[in-house]
Structures are given as structure tokens and as C-alpha cells.
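Visitor: Give me a model of this one.
(chains A, B and C)
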Amino acid sequence: MPPRNIQLNEQGRLRHFLTVEGFKRQMLIDILDTAESLSGVVDRSVKKVPLLRGKTIVNLFFEPSTRTRTTFELAAKRLSADVLNINIAVSATTKGESLLDTLYNLQAMHCDMFVVRHAESGAAHFIANHVAPHISVVNAGDGRHAHPTQAMLDMFTIRRVKGDFYPLTVAIVGDIANSRVARSQIHALTTLGVNEVRVIGPKTLIPPAVESLGVHVYHDMSEGLRDTDVVIMLRLQNERMQGELLPSEHEYYQLYGLTEARLAVAKPDAIVMHPGPINRGVEIESSVADGPRSVILEQVTHGIAVRMAVMSMCLGQGMEGGQG
Amino acid sequence: MPPRNIQLNEQGRLRHFLTVEGFKRQMLIDILDTAESLSGVVDRSVKKVPLLRGKTIVNLFFEPSTRTRTTFELAAKRLSADVLNINIAVSATTKGESLLDTLYNLQAMHCDMFVVRHAESGAAHFIANHVAPHISVVNAGDGRHAHPTQAMLDMFTIRRVKGDFYPLTVAIVGDIANSRVARSQIHALTTLGVNEVRVIGPKTLIPPAVESLGVHVYHDMSEGLRDTDVVIMLRLQNERMQGELLPSEHEYYQLYGLTEARLAVAKPDAIVMHPGPINRGVEIESSVADGPRSVILEQVTHGIAVRMAVMSMCLGQGMEGGQG
Amino acid sequence: MPPRNIQLNEQGRLRHFLTVEGFKRQMLIDILDTAESLSGVVDRSVKKVPLLRGKTIVNLFFEPSTRTRTTFELAAKRLSADVLNINIAVSATTKGESLLDTLYNLQAMHCDMFVVRHAESGAAHFIANHVAPHISVVNAGDGRHAHPTQAMLDMFTIRRVKGDFYPLTVAIVGDIANSRVARSQIHALTTLGVNEVRVIGPKTLIPPAVESLGVHVYHDMSEGLRDTDVVIMLRLQNERMQGELLPSEHEYYQLYGLTEARLAVAKPDAIVMHPGPINRGVEIESSVADGPRSVILEQVTHGIAVRMAVMSMCLGQGMEGGQG
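Guide: Reported below is the predicted structural model:
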């Protein structure tokens, strides 16, 4: 018997959301369907539902990110949960012990969920392995490892526009090696069964054995973009690339920046995505980012619904009484 | 046909509140009347109303101000809105483009209102010119330009005590040149039709063509205060006056500080106002600030009701369903 | 006639909670009983009660403490109050006047309660002496003086395990001289009538006339712990001990660290407490902190219920209409 996925409870329902890796296709579809049903909340005159009323969700950010914190806070408030924002300087928790003491204190206060952002890969798993049974953990980005809610909002956006995953060719462009977003996207796309996933970037930014994840590697932008249905641009994050053999910003744009001209080789109805915030003129031309094929702002909108879905599904165990 | 006021929607109702300038008298009266009806909320046992339940209000502060942020947050919560506080260091948005990207992201999350504080004049207008049709913008102070909710709470306070605007003589004392508060007050007072508006201060702190706004200029404090009904003191903000030809703090107090003695020339029932926080012994004597003619703390109280009024009026479009 | 306790209103009910000192035993029992009834809220599917709906509670922290702020914020939200978090750098309020101006502004906004944390002893009393009649003040720790909600959650924890206070021998170990927690605990324990309170520590960390509070002093750890029912460890706070004659951390642990071996002289069913955050290996051995006698995390849990009790009792005056 294989070890149980830590992300599922004993009934096989979602408990934590740490990584896309290891989930069956149906679970990802369930998340997308739940997000679909919750996406209508914003069209109501009162833009919230009482699904998580009385629940306490803690945004536990060991790495500052106003942007990501905001999306989780908003999703939680639209579900009527109470939200605590806690920013912890890493220096205060250099010892694993004191991180655990912080967690044990918060769970003793009957918090229900930790949304964790951390600069170290594996932090969310570490926390999930130590919390009490009543606590759920959602990974809001850990090091270079995973950013699963970002990947799921991307899948939601693709499904909204393209309908079906099977026939699609999807290209992810940029710093694959350092991107938690890319890693989560690759797992989601292959699990959902797209026809082909391509990664495009300079040799120095493509991880060595990435083909083992089921993707095709391209170092030439035009080749890689040819006949794609979806182009996902990554943010060039200078702060993560110290010591890498990276061409200058200008040179990078010449080779891998997404311009109108370059996009011409993709399918006529190809869409352009980006996790944001975009670096205009660095990895993407402004006219593309703001153009008719761009669904970048739709991604932001869907991000709220997807996070609402993940939060309510994780806390759904025994919530029936609360909803009645 | 004159260009439509950007602050009004197509039905002529309030959409943004960026500046007092350009509003008809009746709109200001409507705001005061709405504030009057909302001011009773704090006398109830449950001190809030569900007018903005499910709405998301973002305090978007590019210039830190705990005090102003607090009043807007409180007003929003008393209206049952959800509030997001976002502080953005100006350095992160030096390029206009990235400011807009931040805005577009927030509006993609279905936020309903931006309360904007910014060190640059015109920032709130710039933002209002770029947001989607479902978004309202309230100016919480932009550079030296405007602070319209402050001006309206001052009008509310004056009306509460004096009843009628027409017979009043109002003096504004201090650094008129650098004060967004003064500018908004002058527009509000003249629009509401007070008998006379005076500005009092040293030549270096009075803007060149201020008479064109319909005010009388005085450089002598006693002359300017004579027979006034309302005395509005401004805060001496050293940080805004670098490079100005300003007398020393002590000398300033000798010439323009509001003392009991100096106030004697005003009408016996004159009231004293100040937008706060007060500099005791710099622009105002403590015994005046705390004395029977001071309505400084009443201004603070009324500030909540006026902000509730502006917020609920701006978001009132199509809110009927939410209230039913 | 003795002067009325400032903490009580004219009907003798709780208005402020500044210090345990001066309360009758019955008041402390009332707080514990109210906390007991509120402790069940977290077992409900919707973990909150509408007791303080529409009330505004301000966390007014002049000394940063994420941990303590979190517990008060959580307690307030579980009571359905609105919460404002305001951090004030002491530098901004060095003059007593401007502190008062800040307070007067917040009370003019119809806030209902100030939860005050301050590095100076007496700050909460000072504030309580100056607020308007409709405002309650709760001391969340002031200098070396008092931390009464911490003491009450300790009492709650002791009563939960031991049932009755009268037969108990309680030892408090560590830096008694600098500890606001110890001071509040001593008052609570003696008021509740425990059999014996002991304080244990080096001569330099025991205040000169501490016996006058009704405690016995021990400088030898084994002697002091003998036959105790409850052992309360204090956190060694280096930042408060500058200039004190303190042995090194290692030497301190040798003499006053709570180890399994040392705990053996206490009663077999003795419990171990600590206000947190714990310094593992400095004042307490990890195996003791995490062991079967430790009730440290139970203290954290009970802290929410006790703070809910204090808040709702303080604001209980005239709240009947709000609950109906």
C-alpha cells in the first residue's frame, strides 16, 4: 500500500493544499468546479457567502508579499472567515523549534487554517507534518518548490477560455529553474492531460532533468511558441538568480521577451498568461500584456474564486453543521 | 455642453469624491444630510448598519497616515464593508505603469472602492481616470491639492453649531500655500455661500492669486480675526515647508498662534476648529484648543459620519438590491 | 470611605481591567466563570458569539507584541467586535500631551475599548484616568507593573486542572523583580486564597520587600519546588535585565532551569506553566515543556476565553439592548 497523500484526510477529501503533485485528475477538476460555482459570488449585490463564518484563517507570511496576502485575505473575507495577518521575520524563527512553538501557539488558539508563505522550499510541508488534526495548511509559495493556488487559477483560466485540456499545447517561458510557479503549472497541466507541455528558456534557466516531468525543452523562442494554444510567461526575478549565468535584461528580452512579432507563430487564438507582477519590456511587450490575447487580469479575478474553493474544500470536513 | 464632472455618474449621482471643486451646492448639502442621518448610528446598541455589506474597500495609502487610515477604516466597518489596508512605498511605483498595474489587479479582484492617499497632487484624479466603471475613488489627501472629506466634516461641524452658512464670516489661519485642507475648505465654504472667507498668514505662506478663489487676504492676525464666526487653524507642517521663508516656530506663534487674547476680537460665540493633530504652543494655545469654543474633537466625531456618507453615496449606485 | 476602585463602575461592575490588585475574590471568580462559559464557543460549528457586535476595540500598542496583539484580536473577533490595530512608536508620543490627544481622538470616534500595551509601568492607569465614561481600558502589559489577563488565564488553567485554589502550593520561578506577569500572578493567587505562594530566584532577581505581598522567598530551586502543586516558570528576558547582576545563561540554567530531575521534588501531579514564549534550554528543559505535566499550550487556549470574558464584562454595561 502506498503511503497516504498527506494532503488528503482519511476519507480521501482535501485537507491541505501544499502542492499539485500527487493529486489525481479528478481532485483538480473538483477544485476547478468548486471555483466555478464560487466565481458567481462577486455578481451578487452582497458579495460574500457564509461558508466559513466563525473560522479563523491565519496568513502566516515568513516572506513578505502584499499581493499574495491580499488575494488570500480577500478570498477568506468573501467566505466570511475571520483573518489574522501575521508577518514573521525569518530571523525570529531561525531555529526550527521556535517556528513550531509559534505554530503550536496559534493552533492552541483554535485557528483553523494556516496560509503559509516561506522563502524555503518544503516549509509548508514541514508545517503540515506538525499541525494538529483540526488544522489545514495552504501553501502560498515556498522557495523554488511550489505555488499550487497560482497553478490552479491558471488552469481555471485556461479551462474558461479553451474548454477542454486534452487538445492543448502549452508553453511556459522564462526562468523555469527558479520558478515555483512553473513547477506547479507543469504538474497541473500534465495531470489534467494536455496534449503537450513545453518549457522555453536559456540553458542556464532550465533545470537539468526537467524532461522527466513530461515536458519538451526548447531554447529557441520561435520554435517553442509554434502552434501553441497557451503561452505562459514567467516573471524574471532578478533576486532569485544571483550567481546564475544570465544574459543582461536587454539581451534576455531580445531572446525571450514576448513581442507581438514573436507571438505570430502561435495559433491565431492563442492566449497569453503571466502570474504577475509583469515586468513590461523585460519579459513581455506592453502591447502584448494589454492586448486582446492577454488574459492576465482574468487570472487575477479567477485567483479569488480558486482560493475560495481551496479554502472551503480544506475546511469542509465537518462544516455541514455550520452551513445549515 | 461643458465636460461632465468626472466625479458624477451618468445619472448625475456621486461616483468619486476627489475634490470639492466643481460640485453644486446641493450635492454638498446632500452629503451633509446623509452624514446627519448616519451620525445617529453610534447611538444604537449595535453601532453599525449593513449598507455596504459584501463591498470591499481598499485603503490604498502611498503616504503613511495612521490617523486618516483609521477614520476611513472605522467608517467602512460601521457600514459593514470589508476593508483591505495596503501601504505602498512610493519607490515601488515610481513608474506610472506599475501604479496602474497595481490598480488593475485590485479591480480585477472585484474591489469596489479605493481610498487613496498620495504625496503627489492629482494622484486621486489620475487613478479615477483609469479605473473600471464599477470602481469609486475617494481622495484621502493628495499632495497640496485637496482633502475633500476633511473639508466636508468641517462644514458638517459648522452647520451643526451655526445652523446656516449664509451669514458666516470664516477665517482660515496658517500655511494656506501648502495646505490641501485649506484649498478644499475654501471651495466648500464659497460653494455653500458663506458671507466671507478670509485667509490669514505671512506673505510667504499665502499663494499668489488666492483672491481669485473669492477670499480676502489678511497678514495681520487681529485684523483678520475681527468679528469672525468661525476660526479654522491649520497645522504648521514643517515637513512641507522646506525652503520656504518661514519665521521660527517661536516667532510664528507670536504672530499667528491662536491665543485666548487674540481670539477676543472674534465674535463672542465664535468657534475654533483644527484638522488635527494639533501642535500645542505652535499654532494654538492649549487653553484655546481645550476651551469652550473649541469644536476640535467634535470634528473628529463628525469625520466618521461624513466619511460613511461619502462612501455609501459613492457606492449607492445599484446598491438597492443589497439593502432590501 | 475608601476611594472607589477605578476599575469598577458606580454599580460595582467591571469597567477597566488594569491590574489584579484591589479586586475582591468574587470578581476574580466571576471572570473565571464567565471565561468558562465562553470557552465552549470554540466547540461550536460557528466559532463566534454576537456579544460585542457593533463595538469597536482598539489594540493600542506602544510596545510591539504580535503574540499578545493576536490573542486580543482573536478574542475580540470571536465576540463579533470590530478591531483596529494601532501601533504607536513611543517616539511619537514622548510628550504626555500628544498621547492624550491621540486618546481623545480615538474616543471621539466612538471607540469602546482600548487594549493598551506600553513599556512604561502605569501607562494603562494613566490612560484609564483620562478617558471618557463610555470607554473601557484593558491592560495588555505595562512595563514591570502588571499583565492581568495573563495572570487570569493562569488562574483559569490552574482551576481547570486542580479544581480548588485553597490547598495549593504554587511556586513562581525566575526573574521576579522585572516581571509584570509575576506581580499579577502573586496578587491573583493570594486573592484567590491558595495555601502558599513561593518565589524562587537569585537574590538579584527578587525584589527587596516581596514578602510583604504574602509570598515566601527561596533562592534554592530544589527547596522551593519541594511539594509544590503548580510550578510557574517565567521567561528570562535579557532585554529587561541590562545592568542586573545576572549569571550567564548557562549558569542560570544550572541553578534555576526546570529539568525533569529537578521537577521530581514537586508533587507527583504537579503541573508546569509558562507564559511563553519559552526559551528552551534557558529556563526550561524541552522534555519538561513538552511533557505530560506541562499545561503551557492549555494556557494559550484559555487565554482567548479569559480575554473574551474580560472584554465582554467590561463592555457589559448597557449592552443588554444589543444582545436582545
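Visitor: CA atoms only for the helix ranked longest in chain A - export them in PDB, please.
Guide: Assignment by DSSP state H gives helix A:296-314 as the longest helix of chain A. Backbone C-alpha positions of helix A:296-314 (Å, rounded to 0.1, in the frame of the first residue of the first chain) are rendered in PDB as follows:
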ATOM      1  CA  ILE A 296      -3.600  38.300 -17.300                       C
ATOM      2  CA  LEU A 297      -6.200  40.300 -15.400                       C
ATOM      3  CA  GLU A 298      -8.700  37.400 -15.800                       C
ATOM      4  CA  GLN A 299      -6.100  35.300 -14.000                       C
ATOM      5  CA  VAL A 300      -6.300  37.800 -11.100                       C
ATOM      6  CA  THR A 301     -10.000  37.600 -11.000                       C
ATOM      7  CA  HIS A 302     -10.100  33.800 -11.000                       C
ATOM      8  CA  GLY A 303      -7.400  33.700  -8.300                       C
ATOM      9  CA  ILE A 304     -10.000  34.800  -5.800                       C
ATOM     10  CA  ALA A 305     -12.500  32.100  -6.800                       C
ATOM     11  CA  VAL A 306      -9.900  29.400  -6.800                       C
ATOM     12  CA  ARG A 307      -8.600  30.400  -3.400                       C
ATOM     13  CA  MET A 308     -12.100  30.400  -2.100                       C
ATOM     14  CA  ALA A 309     -12.600  26.900  -3.500                       C
ATOM     15  CA  VAL A 310      -9.400  25.600  -1.900                       C
ATOM     16  CA  MET A 311     -10.100  27.200   1.500                       C
ATOM     17  CA  SER A 312     -13.700  26.000   1.700                       C
ATOM     18  CA  MET A 313     -12.800  22.500   0.500                       C
ATOM     19  CA  CYS A 314      -9.900  22.100   3.000                       C
END
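Visitor: Now do the closest residue to chain B within the stretch 151-300 of chain A against residue A:46, distance only.
Guide: Closest residue of the stretch 151-300 of chain A to chain B, Cβ to the nearest Cβ: residue A:300 (3.8 Å). For every residue, glycine as well, the C-beta is placed using N, CA and C. Separation of residue A:300 from residue A:46 (Cβ to Cβ, to the nearest Å): 22 Å.
Visitor: now swap in residue A:124 and tell me
Guide: Counting by Cβ to Cβ, the gap from residue A:124 to residue A:46 is 33 Å.
Visitor: who has more neighbours, those two?
Guide: residue A:124 (29 against 16; other Cβ atoms under 10 Å in any protein chain shown).
Visitor: Now the more buried one. Nearest residue, chain neighbours left out?
Guide: Residue nearest to residue A:124 in three dimensions, not counting chain neighbours: residue A:139, with 3.7 Å by Cβ to Cβ, 6 or more residues apart in numbering or on different chains.
Visitor: Now do the SS call for the one you found.
Guide: Under DSSP: H, G, I helix; E, B strand; the rest coil, residue A:139 falls in the strand class.
Visitor: Name all residues that make contact with it.
Guide: A:16-19, A:116, A:124-125, A:146-149 (Cβ atoms under 8 Å, 6 or more residues apart in numbering or on different chains).
Visitor: Mind doing that once more with 10 Å?
Guide: Contacts for residue A:139 (Cβ atoms under 10 Å, 6 or more residues apart in numbering or on different chains) come out as A:7, A:16-20, A:114-118, A:122-125, A:127-128, A:145-150, A:180, A:184, A:310.
Visitor: Mind checking which of those land in helices?
Guide: A:123-125, A:127-128, A:148-150, A:180, A:184, A:310.
Visitor: Highest neighbour count among those?
Guide: residue A:148 (32 neighbours).
Visitor: what's the pLDDT at residue A:186?
Guide: pLDDT for residue A:186: 98.
Visitor: Find the residue closest to it in space, skipping its chain neighbours.
Guide: residue A:213 (5.1 Å).
Visitor: any idea how far the one you found is from chain C?
Guide: Distance of residue A:213 to chain C, given as Cβ to the nearest Cβ, to the nearest Å: 39 Å.
Visitor: again, but for residue A:222
Guide: If you go by Cβ to the nearest Cβ, the gap between residue A:222 and chain C works out to 51 Å.
Visitor: That residue touches residue A:264, doesn't it?
Guide: Yes - with contact defined as Cβ atoms under 10 Å, residue A:222 counts as touching residue A:264 (9.2 Å).
Visitor: tally of neighbours for the closest residue to residue A:143 other than its chain neighbours?
Guide: In this structure, residue A:143 finds its nearest non-sequential neighbour in residue A:121, 3.3 Å apart by Cβ to Cβ, 6+ apart. The number of residues packed around residue A:121, counting by other Cβ under 10 Å, is 15.
Visitor: coming back round to it: which residue comes closest to the residue of the stretch 151-300 of chain A closest to chain B once chain neighbours are left out?
Guide: residue B:108 (3.8 Å).
Visitor: thinking again about what came up before, show me how far the longest helix of chain A is from its chain's centre.
Guide: Distance of helix A:296-314 from its chain centroid, counting by Cα atoms, centre = their mean, to the nearest Å, is 10 Å.
Visitor: Which elements pack onto whichever strand or helix holds residue A:32?
Guide: Assigned by DSSP states H and E, residue A:32 belongs to helix A:25-38. For helix A:25-38, the elements it packs on are helix A:148-162, helix A:180-192, helix A:296-314, judged by 3 or more Cβ pairs under 10 Å, 6 or more residues apart in numbering or on different chains; DSSP states H and E.
Visitor: relative to helix A:148-162, how tilted is the shortest one?
Guide: Relative orientation of helix A:180-192 with respect to helix A:148-162: 50 degrees, computed using axes from the mean of the first three to the mean of the last three Cα atoms, to 10 degrees.
Visitor: helices or strands next to helix A:180-192 in the packing?
Guide: Against helix A:180-192 (3+ Cβ pairs under 10 Å, 6+ apart) you get helix A:25-38, strand A:136-142, helix A:148-162, strand A:169-173, strand A:196-200, strand A:230-233.
Visitor: Save the ones you listed as a markdown table, and put in mean pLDDT too.
Guide: Formatted as a markdown table, the helices and strands packed on helix A:180-192 follow (pLDDT from 0 to 100):
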| stretch | mean pLDDT |
| --- | --- |
| helix A:25-38 | 97 |
| strand A:136-142 | 97 |
| helix A:148-162 | 98 |
| strand A:169-173 | 98 |
| strand A:196-200 | 98 |
| strand A:230-233 | 98 |
